[in-house]
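Novice: what's the 3D shape of this:
(one chain, ligands or ions: 1)
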Amino acid sequence: MLGGEILGDAYDAGWVAAQTSGGAVALRVMADLLAQLPEPPTVWLQAPTYGNYVPILTVAGARHQALPYYDPLRSELTFDQMLDGLKAARPGDVFLMQGVCHNPTGADMSEDQFTALLDTLEALGIVPWIDLACLGFAQGFDADCAMAGQIAERFPECIVCITLSKSFGICRGRAGRCSSRPAPATRRVSPEQSRPSPVRGLRTLRTMVRR
Ligand SMILES: Cc1ncc(COP(=O)(O)O)c(C=O)c1O
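Specialist: Presented below is the predicted three-dimensional model:
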């Protein structure tokens, strides 16, 4: 649900997706799957970043490392240091980045930096994992989705986690989604992510987006 609305034409039959109870559960489901791969990748993080990433990855047993993203004293991105640090990654590793309205810094990459980052990921064989939390709060819903669509167009392998709870003001309705292309080699989702998946929040949102 809401695949095409967010990823546009790049949302093809190669994707597998699960509805989740908000974004944190989407992240946890993906962290669990990555940790179970026969050769688990390292998940590279921006620092500082959303405070739940490290606890989620740690509890899932997913290997992770941080790269400097932002210098709070200078109030600027440490973009070159981040790219430089990525050189230590191995092909098949994963880079967990946010879409718009970077949490907690509020500082997003410029378009040029975003393109340079994608060039680097592609050159090093690193899989982008994009986490979208505040779609619609930067330049409007469609414009804010564009970067995810660009990644999905360009990278045959990528991961997208989304929370739409805040974007549509249904925080307590919980609307999240976790998707990857290709499907993860393992499909064993941990027992605490009970089924069936929650769909009510997302159905409401789909009606709103389509209107
Ligand atoms: C970047 C980011 N990812 C994920 C989440 C988690 O979303 P949810 O509250 O739907 O679990 C948040 C919530 O603030 C967030 O800022």
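Novice: Which positions in the protein make contact with the ligand?
Specialist: Within the chain, the positions near the ligand by C-beta under 6 Å from any ligand atom are Gly22, Gly23, Ala24, Tyr50, Gln98, Asn103, Asp131, Ala133, Thr163, Ser165, Gly176. (Glycine included, C-beta is placed from N, CA and C.)
Novice: what bridges to the closest residue to the second one other than its chain neighbours?
Specialist: This means Gly23. Counting by C-beta to C-beta, 6 or more residues apart in numbering, Thr163 is the residue found nearest to Gly23 once chain neighbours are left out, at 2.7 Å. Counting by DSSP bridges, Thr163 forms beta bridges with Gly176.
Novice: Tell me the secondary structure at Ala89.
Specialist: Going by DSSP: H, G, I helix; E, B strand; the rest coil, the secondary structure assigned to Ala89 is coil.
Novice: Look up how far Met109 lies from it.
Specialist: 18 Å (C-beta to C-beta, to the nearest Å).
Novice: do Ala10 as well
Specialist: When distance is defined by C-beta to C-beta, Ala10 is 20 Å away from Met109.
Novice: go on, Ser180?
Specialist: When C-beta to C-beta is applied, the distance between Ser180 and Met109 equals 22 Å.
Novice: Give me the more crowded residue out of those two.
Specialist: In terms of neighbours (other C-beta atoms under 10 Å), Ser180 is the more surrounded of Ser180 and Met109; the figures are 22 against 19.
Novice: Can you give me every residue that contacts the more buried one?
Specialist: Trp15, Val16, Ala17, Met30, Leu33, Glu157, Cys158, Ile159, Val160 (C-beta atoms under 8 Å, 6 or more residues apart in numbering).
Novice: So it belongs to a strand, correct?
Specialist: Yes: secondary structure of Ser180 (three-state DSSP): part of a strand.
Novice: Just grab the bridge partners of it for me.
Specialist: What pairs with Ser180, by the bridge criterion (DSSP bridges), is Val16, Ile159.
Novice: where's it relative to the ligand, distance?
Specialist: Between Ser180 and the ligand the distance, using C-beta to the nearest ligand atom, to the nearest Å, works out to 16 Å.
Novice: Could you pull out the strands in the protein for me?
Specialist: Across the chain, reading from the start of the chain, the strands by DSSP state E fall at 16-20, 43-47, 64-68, 70-71, 76-77, 94-98, 127-132, 158-163, 176-181.
Novice: That'll do, ta.
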